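Enquirer: quick one, what's the 3D model for this:
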Amino acid sequence: MQSSIVLSSELENTKSFRIDAEYYHPKAIEYETKIVQQFHGQSIRTIGCKVVSGPFGSSLKSEAYLDHGVPFIRISDLRDFLISDEKLIYISEEDNNRLSSSKLNVGDIVLSKVGNTIGVASIVTSNIGYCNISENNIGIRMPADMNDKEKTFLVTYLNSIPGQNQILRAISGNAQPKLNVADIEEVKVPHATDTLMLLVHNAFENSTFFIQQSEAIFKESENILLSELGFINWQPKHQLTFVKNYSDTEQAERIDAEYFQPKYEAIIKAVKAYKGGWNTLGDLVTVKKCVEVGSGEYLDEGIPFVRVSNLSPFDITKGKYISEKLYAEIKQHQPKQGEILFSKDATPGIAHYLDEPPRKMLPSGGILRLKSKTTKIKNEYLTLVLNSVLVKEQINRDVGGSVILHWRPDQVKETVIPILEEEKQAEIQAKVIESLRLRKQSKHLLECAKRAVEIAIEKDEKLAIDWLKEQAGV
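Expert: Numbering: from 1, shown residues only. You can find the predicted model right below:
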């Protein structure tokens, strides 16, 4: 049994007047005491940061979302340290100015405040630029006199075990746990030496460089594919009028005009006319449906239950969890190395290749497991094609007009895939593998930076500096 003795005066000193036992957990108090006494820690508010909340949901409806404009950061965009731009949405300059209280700039931090991933901290980098945040996020604006290495250290600390301990103890609410601005303002931040902060910053900078390199190489692999098919500069154009035969509607068993948009036909014709040949996805892979367990089975910890929102071409983020008992009952849905996880619902067309033995997990019913049944196509190449505009436009054709996007497995199997010659596939494969290697190296550096902060607080700052130099080469 763990217990803490707390004076009533300490209860009154918390802005939210916290009396719940979790807030006074011995480990939380131990971290805070060490940060304040040994590292001269101060609150986020005291070091000059301005903590703000995203606008109420009624302030901005989903109809206001745009394909370009001011980035609008949602919880699903947050990763440890960085904001993903893979599924970014945007708002207008007018809406951004109207929601001025939640505007953020480069160097500021976004922190998730609700949901199953409370406390993920991401810094706004130059590729995102000035932005705004959703109602489910908190923004931490940096003071004008804070330098880059101090900002990097802060986001690293917030993602470390001591930082997360400080953040998670601030969670309030039972039905829907959340973070409050007032409590985040009081999170204590350690004062580190310039040497440690600089090394952490260098690891972060090297990590972002590797990400940029990874993205550039992945783009090169996409260009090889599109160049082979003559689509390197192709832009889909929506036509208001065109003519189709009635026999075409009978064959397709569709009568909606969107399905017959000429831009979709251009994609299909290009693939089927490719000199190396083509095939349907169903002839190239086996397709296995995954499982839906129902929200009543969701837990705060356990075996990861991967939903479409957790899936990207490059990683699988944290999400919901299920029990070991339930996992044992349906473990036949456990993905295996060499398979491709492929989304069919909500955001259809996200392909993630499992190049290593995956951890214990179960994908949701919105995800399919694809396994190659032929030697004429390489897994890395196929994953690239599935994530490309070639397949995205086929998806748009099939699910067009739907309120809730749902790509049927029979439609998935009919997707046409170009079969590039082996030499071109090998070239693409090599680039995809290199792109993934750089991403793993980037992630390693961020984990090293985070671990160094933990070592400094838990053990010794010099030990942390030496360890980070050895592990990250900074």
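
Enquirer: only C-alpha atoms from now on, for both contacts and neighbour counts.
Expert: OK.

Enquirer: which strands or helices does the host helix or strand of residue 457 pack on?
Expert: Following DSSP states H and E, one finds residue 457 within helix 422-458. Contacts defined by 3 or more C-alpha pairs under 8 Å, 6 or more residues apart in numbering; DSSP states H and E place helix 422-458 against helix 148-159, helix 161-168, helix 194-228, helix 379-386, helix 461-472.

Enquirer: and the angle from the second one to helix 422-458?
Expert: Between helix 161-168 and helix 422-458, the angle formed by their directions is 80 degrees, by axes from the mean of the first three to the mean of the last three C-alpha atoms, to 10 degrees.

Enquirer: from the chain's centre, how far out does helix 161-168 sit?
Expert: Remark: helix 161-168 is offset 21 Å from the chain centroid, using C-alpha atoms, centre = their mean, to the nearest Å.

Enquirer: immediately after it, which helix or strand?
Expert: helix 181-185.

Enquirer: report all helices and strands that that following helix contacts.
Expert: Using 3+ C-alpha pairs under 8 Å, 6+ apart, helix 181-185 sits against strand 50-53.

Enquirer: who's in contact with residue 150?
Expert: By C-alpha atoms under 8 Å, 6 or more residues apart in numbering, the contact list for residue 150 reads residue 197.

Enquirer: pLDDT score assigned to it?
Expert: What the model reports for residue 150 is a pLDDT of 98.

Enquirer: point out where the stretch 251-400 of the chain drops to low pLDDT.
Expert: Residues of the stretch 251-400 of the chain meeting the criterion pLDDT under 70: 251-258, 260, 400.

Enquirer: ranges for the helices of it?
Expert: 262-272, 281-284, 324-329, 379-386, 389-399 (DSSP state H, counting those that start in this stretch).

Enquirer: coming back round to it: can I get the helices and strands packed on helix 422-458 in a markdown table with distance to residue 271?
Expert: As requested, the helices and strands packed on helix 422-458 are exported to a markdown table (distance: least, C-alpha to C-alpha, whole Å):
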| stretch | distance to residue 271 |
| --- | --- |
| helix 148-159 | 45 |
| helix 161-168 | 49 |
| helix 194-228 | 10 |
| helix 379-386 | 11 |
| helix 461-472 | 44 |
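
Enquirer: for the residue nearest to residue 92 when sequence neighbours are not counted, give its distance to residue 128.
Expert: Computed as C-alpha to C-alpha, 6 or more residues apart in numbering, the closest residue to residue 92 that is not its neighbour in sequence is residue 69, at 5.4 Å. Using C-alpha to C-alpha, to the nearest Å, residue 69 is found at 11 Å from residue 128.

Enquirer: neighbour count winner among those two?
Expert: More crowded of residue 69 and residue 128, by other C-alpha atoms under 10 Å: residue 128, with 19 against 14.

Enquirer: now do the phi/psi pair for residue 301.
Expert: Dihedral angles of residue 301 (phi, psi; degrees, to the nearest 10) stand at phi -150, psi 160.

Enquirer: any idea how many residues pack against it?
Expert: 12.

Enquirer: contacting residues for it?
Expert: Listed by C-alpha under 8 Å, 6+ apart, the contact set of residue 301 reads 320, 321, 322, 323.

Enquirer: switch the cut-off to 10 Å
Expert: 116, 319, 320, 321, 322, 323 (C-alpha atoms under 10 Å, 6 or more residues apart in numbering).

Enquirer: nearest spatial neighbour of the last one, chain-adjacent residues omitted?
Expert: Nearest-residue entry for residue 323: residue 302, 5.4 Å, with adjacent residues in sequence omitted and distances by C-alpha to C-alpha, 6+ apart.

Enquirer: that neighbour: neighbouring residues, count only.
Expert: 16.

Enquirer: what do you get for residue 49?
Expert: When neighbours are counted by other C-alpha under 10 Å, residue 49 registers 18.

Enquirer: that one against residue 107, yeah?
Expert: No. Counting by C-alpha atoms under 10 Å, residue 49 does not reach residue 107; the two are 11.6 Å apart.

Enquirer: list residues touching both of those two?
Expert: Counting by C-alpha under 10 Å, 6+ apart, the residues touching both residue 49 and residue 107 are 140, 141, 142, 143, 146.
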